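Participant: Need coordinates for the following:
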Amino acid sequence: MMKQIFFKTHFLIGIIVFLGSIAMLSAQSRMDRAVQSPLFQEDEILELTLTMDLEKVTKDIEDREEHQGTLAYKSADGTDVLIDVMFKTRGKTRANPEVCKFPPLQLNFKKKGNYDNLFAGQDKLKLVAHCQYNKGFDDYVAQEYLTYKHYNILTNNSFRVRLLRVTYVDTGGNRNTFTKYGFLIEEDEILAHRRGKVVSKKSVRNQDMCDRDALDLMVTFEYMIGNTDWGVGAKHNMKLIADDSTNRSPIPIPYDFDYAGAIMTTYAQPAEALQITSVRQRVFRGLCRQPGSYEKIFQIFNDKKEDIYALYQNSIHVSDRFKKSTLKYFDQFYSIINDPKKAKRSVLEVCRAKHVHIF
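Facilitator: Predicted structure coming up:
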């Protein structure tokens, strides 16, 4: 009797381990498909048609339930592809109706059977939408998209994005069909998988627990674009990826740049604790380092300057006026980091000796 119980117990354990292994392999292959898909590997604008009850989706701010809809696009050979998708609102500031009439969305794909299309392996994708219906807000989307591409130039530890022209079809009949800019952001888990890491679920007490080089690069980038709307301790507008679940020396990955001075959306306001009056005013929020540490980071920005400027200059999706003002804003950044006196006054002497929570 005891032998039978022992055999059955080990048999059941074996089945559980086997099924667990199958699940892990399935998740692995899903993420591999997502990484290998051209969705985030190609730069040309992607034309999508999203069909849903717009009022039900965009006004569901509190409960944020999922609503049925479809996504359609043309494949490379001209074939029409139609995918069933669940939509729901997401975000914080941009989900506030007083800020945005059209909130950011999450697109939830069926993982099973999602193989033979551009969205193969995707699970839940973030869509940054146009916020308001006037052209100025449409422009902000293209400008923020470029900011993500800007960080891509500096490091592969960054979210990949894909610019869209989205045609919205309202099944509720309350709005005529319209087309706006938008962009998709790579999933957290896919980014981590691509970099051979895992998404860290744990919080960190302060910035100094992060990988120093990655952190210093990120805070200098945020300083360059004039963005102070982030916080490591609270993981505010950033994700952390690490080698494993122990969360040792996690790498911070920033996102949400609509409060950046380089973009200067009409609703962007700096935190009161910073004691500045405009997001256009730069504030360095990095920790103090040994002499020479930030100079090494500055050199990365100098090495990538030509590529960064070319990104903005060559874009056909932003106005010449934005290009001119943004590159002038970046000229000021380069003037600071390449002048020892300015760098000392604006960065090296205002760094934080210890972590101070702002968010």
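
Participant: Show me the contact partners of the helix or strand hosting Val57.
Facilitator: Applying DSSP states H and E as the criterion places Val57 in helix 54-58. By CB atoms under 8 Å, 6 or more residues apart in numbering, the surrounding residues in contact with helix 54-58 are 67, 69, 87-89, 101-103, 105, 168, 170, 172, 174-175. Placement of C-beta: from N, CA and C, glycine included.

Participant: residues contacting the closest residue to Phe119 other than its chain neighbours?
Facilitator: Distance criterion CB to CB, 6 or more residues apart in numbering; nearest residue to Phe119, sequence neighbours excluded, is Phe109 at 5.9 Å. Contacts for Phe109 (CB under 8 Å, 6+ apart) come out as Ile83, Val85, Phe119, Gln122, Asp123, Lys124, Leu125.

Participant: Where neighbours are concerned, which of these has the most?
Facilitator: Gln122 (27 neighbours; other CB atoms under 10 Å).

Participant: ok, that residue touching Leu39?
Facilitator: Yes - using CB atoms under 8 Å, Gln122 is in contact with Leu39, at 7.3 Å.

Participant: how about the contacts of Phe109 in JSON lines, adding pLDDT, secondary structure and distance to Leu311?
Facilitator: Below are the contacts of Phe109 laid out as JSON lines (pLDDT from 0 to 100; DSSP: H, G, I helix; E, B strand; the rest coil; distance: CB to CB, whole Å):
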{"residue": "Ile83", "pLDDT": "96", "secondary structure": "strand", "distance to Leu311": "30"}
{"residue": "Val85", "pLDDT": "97", "secondary structure": "strand", "distance to Leu311": "30"}
{"residue": "Phe119", "pLDDT": "96", "secondary structure": "coil", "distance to Leu311": "26"}
{"residue": "Gln122", "pLDDT": "95", "secondary structure": "coil", "distance to Leu311": "25"}
{"residue": "Asp123", "pLDDT": "94", "secondary structure": "coil", "distance to Leu311": "29"}
{"residue": "Lys124", "pLDDT": "96", "secondary structure": "strand", "distance to Leu311": "28"}
{"residue": "Leu125", "pLDDT": "98", "secondary structure": "strand", "distance to Leu311": "23"}
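
Participant: could I get these as TSV with distance to Met209?
Facilitator: Putting the contacts of Phe109 into TSV (distance: CB to CB, whole Å) gives the following:
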residue	distance to Met209
Ile83	40
Val85	37
Phe119	35
Gln122	31
Asp123	29
Lys124	28
Leu125	29
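
Participant: Gly244 in helix, strand or coil?
Facilitator: Quick fix: residue 244 reads Asp, not Gly. coil (DSSP: H, G, I helix; E, B strand; the rest coil).

Participant: Quick check: it vs Gly196, distance?
Facilitator: From Asp244 over to Gly196 the distance is 11 Å, taken as CB to CB, to the nearest Å.

Participant: show me where the stretch 151-300 of the chain has helices.
Facilitator: 188-194, 212-225, 293-303 (DSSP state H, counting those that start in this stretch).

Participant: Using TSV, please lay out those helices together with mean neighbour count, mean pLDDT and distance to Glu47.
Facilitator: Listed next are the helices of the stretch 151-300 of the chain as TSV, based on neighbours: other CB atoms under 10 Å; pLDDT from 0 to 100; distance: least, CB to CB, whole Å:
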stretch	mean neighbour count	mean pLDDT	distance to Glu47
helix 188-194	21	97	23
helix 212-225	21	97	28
helix 293-303	16	97	34
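
Participant: Quick one: the ones you listed as CSV, columns for distance to Gly233 too.
Facilitator: Output for those, formatted as CSV (distance: least, CB to CB, whole Å):
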stretch, distance to Gly233
helix 188-194, 18
helix 212-225, 12
helix 293-303, 21
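
Participant: what about those helices, which gets the closest to Tyr148?
Facilitator: helix 212-225 (10.7 Å; CB to CB).

Participant: What are the contacting residues of that closest one?
Facilitator: Residues outside helix 212-225 that contact it (CB under 8 Å, 6+ apart) are 147, 150-151, 154-155, 157, 207, 228, 230, 232, 238, 251-254, 257, 260-263, 282-287, 289, 293-294, 297-298, 300-301, 330, 333, 337, 347.
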